[in-house]
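Novice: fold the following for me, if possible:
(chains A and B)
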Number of protein chains: 2
Amino acid sequence: LKLEDLGEFGLIDRIRRRLAAEQAPDVLVGPGDDAAAVVGPIAGQALLLTCDAMVEDVHFRRRWMSPKELGWKVMVRNLSDIAAMGGEPGHAVVTCGFPPGTDVEFADALVDGLDEAARTYGARIVGGDIVRSAVLFVSVALTGHADEHKLLCRSGCREGDVLMVTGELGASAAGLLAMEAGKQQHFPDAVRAHIHPEPRLAAGRTLACAGTATAAIDVSDGLASDAARLAEESRVGVSVSLGSVPVAESCREVCRALGKDPLELALHGGEDYELLFSVPADRVHEATQILRDQAAIAATQVGSIVEKERGLVAVKPDGSTVPLGGGWNHFRVRKEGSKP
Amino acid sequence: LKLEDLGEFGLIDRIRRRLAAEQAPDVLVGPGDDAAAVVGPIAGQALLLTCDAMVEDVHFRRRWMSPKELGWKVMVRNLSDIAAMGGEPGHAVVTCGFPPGTDVEFADALVDGLDEAARTYGARIVGGDIVRSAVLFVSVALTGHADEHKLLCRSGCREGDVLMVTGELGASAAGLLAMEAGKQQHFPDAVRAHIHPEPRLAAGRTLACAGTATAAIDVSDGLASDAARLAEESRVGVSVSLGSVPVAESCREVCRALGKDPLELALHGGEDYELLFSVPADRVHEATQILRDQAAIAATQVGSIVEKERGLVAVKPDGSTVPLGGGWNHFRVRKEGSKP
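Specialist: Numbering: from 1, shown residues only, chains lettered A, B, ... in the order given. Model prediction:
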C-alpha cells in the first residue's frame, strides 16, 4: 500500500490510531486538530503546539514568491492554526532545509519574512535548525496558549448549529491561477491574498473569549474539505448553502478573465486562512456583531450542522442538493472527492 | 555569497544577529543554545523548545537504517538537546516529508520509532504535519521544562573550569564507517551506537539539579566542534587533553580493521549524544560521583577552560599543543578546520 492510495487524511487517521496520544492524561487535544493542546503548569491554561511546513514545488514556486514572502506565509500558516484554536501565539522554532548553492541573501530574506510575520502577531522565533537538503523546505513549530475551557476544537459542532466563515474565500486560489497563467500583474489583490495571507487571530480570540463558537478550523485546504474535517471530528453532517458562500471579488475577477468558476475556487481552492466555525443558531447575531466590533471582520452564514446520516451536502440556490466534495489532499490528485 | 562560503555556524550567527530574539523580555535563552528557553507561566519554570531534522542522503541512508531506526534517532537528537539544557522532555510535533511512492508501512514504522523514543524518555507526540516532498525528511520540534535558575547553557564556562564528558566517544562515527565499508555485520556495537543512540537525560537532570555544571552541550557535531561552540558562547578558550579523551572500544575495533585513527573519530566524528560540560575544579569529584550514582554513567575529564586568548588547543601526550579543529559542518566539506 502506497501513501497515494491512502491519501493524506487516511494517513493522518492511521497515525492517530498508532499514537493514541489522546490517552495521555496531560494531552487535552492530540493529533487531528488545528493545534495540539496540553495541560500547562497553571491550572486552566493550555499550552498549544502546532507545526506546518512548505516544500518547494509542492507548496510554492520560487519564481512566484520571494523568500521573504515564503517566510511570511509559512509562519502565517502556523499562526492560523493557533487562531483556529482560539489561542494567542507564543514562540517558534524553524527548520530550514537549504540546497547547496543557496545564496545567503535568500536565507536572510526568508528569516526576515518569518520574523516579520511572527512579530506582527506577537510571536517570537527563539531557535531553529539549518540543514542541507536537495529540496528547499521550511518547517515551523509554534507554541501558543489558551484558556483550556475555551479551546476551539474541531470536535464541538452540534446538530442545529449554524456554520459560519470569516471574510471571503477563493482569492488565494485565484491568485495562484493568475500566476500559473502568467497574468499576475493584472490581479494584484488575488496574488496578494495568495502570497501574503493574514491569520485570523483576533477573530479566533474573540470567538473563544465569548464562548460563542462550538467548533472552529482554519480554511487551509478549502471550505468543502475543511467543513468535512469539522463534520468528521464532530461526528455530524454538514450542509453548505452554495448561494451563501462569500466569494471574494478578486476571485471573481480572475475567474472572469480565465473562464473559471469562482464558486469552485471558493469551495475547493484553499489557503484562505479564514476561520470556519459553528455557532448555536441563537448566537449567530452575537457572533456576527462581536467579530465586527472586536475583530473588524465580517462573518457569513454558509450552512448548518445536520445529522451525521445526511453526510456532506451542498444546497444549490434552486434547493437541489449535491455531494460536497473536494479540496486539496496531499498524495492524491487535486480536487478529487474527499472521503470524510 | 553562498551558504557554502559562510558555513552552517556562520549562517546561524548571521541569523541570530538578524533575529536578536534575546532582547525579548520573556526569552531566557534565544537561538544558539541546545534548546531555547522562555519564561513559563509559573515563576521559575522555563519552557524549553528545540527542533532538529534529518534529511535523506544528508543525515541518513535508507539502506543502512530502517524507518523505525530513523524515527528513533531523530527523536533522540531532540531529546538530547533537552538533556543538554538539564531539562525534562515534554511534547513533540513532527513534520514528515514523504516522496510519492512511499509505502504506508514505511510511514508506520517511522512513526513507531518516533513514538518509542518519545515514550521511552517521558515525552509524547501530540501532532504533526505530513507533506509531499521529493526528498524524505523528518523534522521534530520538542518542548521541555526546567528550573530557569538551573539551565545548563553553553555560555556558562569559566576560566579554570574542568571540561568533562559523559560516556565514551567515536562509536557512532565508527559505526558509520563500518557501514560505508560494507562491514556492518562485523561491528554490531559501533553500528548500534550510530543507529540507536540514547539521550543523556538522566545525566543532564543530575547535573542541573545539583548545580554542578557551569555549562553543557550535547556532542552532536564532534567533541572538537562542540567544545568550540562552548568556548565561543562562553567567550573563553578550551584546552583538550588528547590522552584523556574516552575512546569507545567499539571505535577502536573498527579503526583497527579499517586502518583509521580512533582518536580522530572520537574528536571529530559526532553523533555520540554524550554531554560535554564544564565544572569548577573543586567539584569534579562530586560531578563524577553523582553522575555515577544518579545517572549510572561514567564521566571523564578531557580538558580545561582557559583564557580566551589561548583559543582552542589540543594537548598531545608529550605536552606539545596543536590547534583543535574539525567536526561536521553543514554546507562545508566534512572535517574541515572549524572557524569558531
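Novice: CA only for contacts and neighbour counts going forward, please
Specialist: OK.
Novice: how many neighbours does A:Glu268 have?
Specialist: Glu isn't right for residue A:268; it's His. A:His268 has 28 neighbours, counted by other Cα atoms under 10 Å in any protein chain shown.
Novice: make that A:Phe60, sorry
Specialist: 16.
Novice: and it, how far from A:Glu271?
Specialist: 12 Å (Cα to Cα, to the nearest Å).
Novice: ok, residues contacting stretch A:29-46?
Specialist: Stretch A:29-46 has contacts (Cα atoms under 8 Å, 6 or more residues apart in numbering or on different chains) with A:12-13, A:16, A:21-22, A:26-28, A:47-51, A:81-82, A:84-85, A:145-149, A:153-154, A:217-218, B:41-42, B:126-128.
Novice: I'd assumed A:Phe137 was in contact with A:Phe98.
Specialist: Yes - using Cα atoms under 8 Å, A:Phe98 is in contact with A:Phe137, at 6.9 Å.
Novice: could you pull out the helices for the stretch 101-250 of chain A?
Specialist: Ranges of helices in the stretch 101-250 of chain A, per DSSP state H, counting those that start in this stretch, are A:104-120, A:171-180, A:188-195, A:201-210, A:223-234, A:249-258.
Novice: would TSV of these with distance to B:Gly259 and mean pLDDT be doable?
Specialist: Formatted as TSV, the helices of the stretch 101-250 of chain A follow (distance: least, Cα to Cα, whole Å; pLDDT from 0 to 100):
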stretch	distance to B:Gly259	mean pLDDT
helix A:104-120	39	95
helix A:171-180	56	97
helix A:188-195	55	97
helix A:201-210	60	97
helix A:223-234	58	96
helix A:249-258	67	98
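Novice: per-residue confidence at A:Asn329?
Specialist: Model confidence at A:Asn329, given as pLDDT, is 44.
Novice: so if I had to pick from A:Phe98 and A:Phe137, which one is more boxed in?
Specialist: For A:Phe98 versus A:Phe137, neighbours defined as other Cα under 10 Å are more numerous around A:Phe137 (25 against 21).
Novice: any residue of stretch A:62-79 up close to chain B?
Specialist: No - counting by Cα under 8 Å from any Cα of the partner chain, chain B is not contacted by stretch A:62-79; separation bottoms out at 10.8 Å.
Novice: pull out the buried positions in that stretch.
Specialist: A:64-79 (16 or more other Cα atoms under 10 Å in any protein chain shown).
Novice: same question, stretch A:276-291
Specialist: Buried residues in stretch A:276-291, counted by 16+ other Cα under 10 Å: A:276-280, A:284, A:287-291.
Novice: if we look at chain B, which of these are close to it?
Specialist: Within those, nothing lies near chain B by Cα under 8 Å from any Cα.
Novice: A:Leu47 belongs to a strand?
Specialist: Yes - the assignment for A:Leu47, made by DSSP: H, G, I helix; E, B strand; the rest coil, places it in a strand.
Novice: which non-adjacent residue is nearest it?
Specialist: A:His145 (4.7 Å; Cα to Cα, 6 or more residues apart in numbering or on different chains).
Novice: returning to that earlier point: list just the nearest of the buried residues of stretch A:276-291 to A:Thr102.
Specialist: Lowest distance from A:Thr102 to the buried residues of stretch A:276-291 (Cα to Cα) belongs to A:Leu276, with 38.2 Å.
Novice: contact partners for that closest one?
Specialist: A:163-166, A:216-219, A:223, A:226-227.
Novice: include distance to A:Leu176 when you put the residues you listed into CSV, please.
Specialist: Formatted as CSV, these follow (distance: Cα to Cα, whole Å):
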residue, distance to A:Leu176
A:Leu163, 27
A:Met164, 25
A:Val165, 22
A:Thr166, 21
A:Ala216, 26
A:Ile217, 22
A:Asp218, 19
A:Val219, 16
A:Leu223, 17
A:Asp226, 19
A:Ala227, 22
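Novice: adding neighbour count, write those residues out as a markdown table.
Specialist: Compiled in a markdown table, the contacts of A:Leu276 are given as follows (neighbours: other Cα atoms under 10 Å in any protein chain shown):
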| residue | neighbour count |
| --- | --- |
| A:Leu163 | 28 |
| A:Met164 | 25 |
| A:Val165 | 24 |
| A:Thr166 | 24 |
| A:Ala216 | 33 |
| A:Ile217 | 32 |
| A:Asp218 | 31 |
| A:Val219 | 28 |
| A:Leu223 | 33 |
| A:Asp226 | 25 |
| A:Ala227 | 31 |
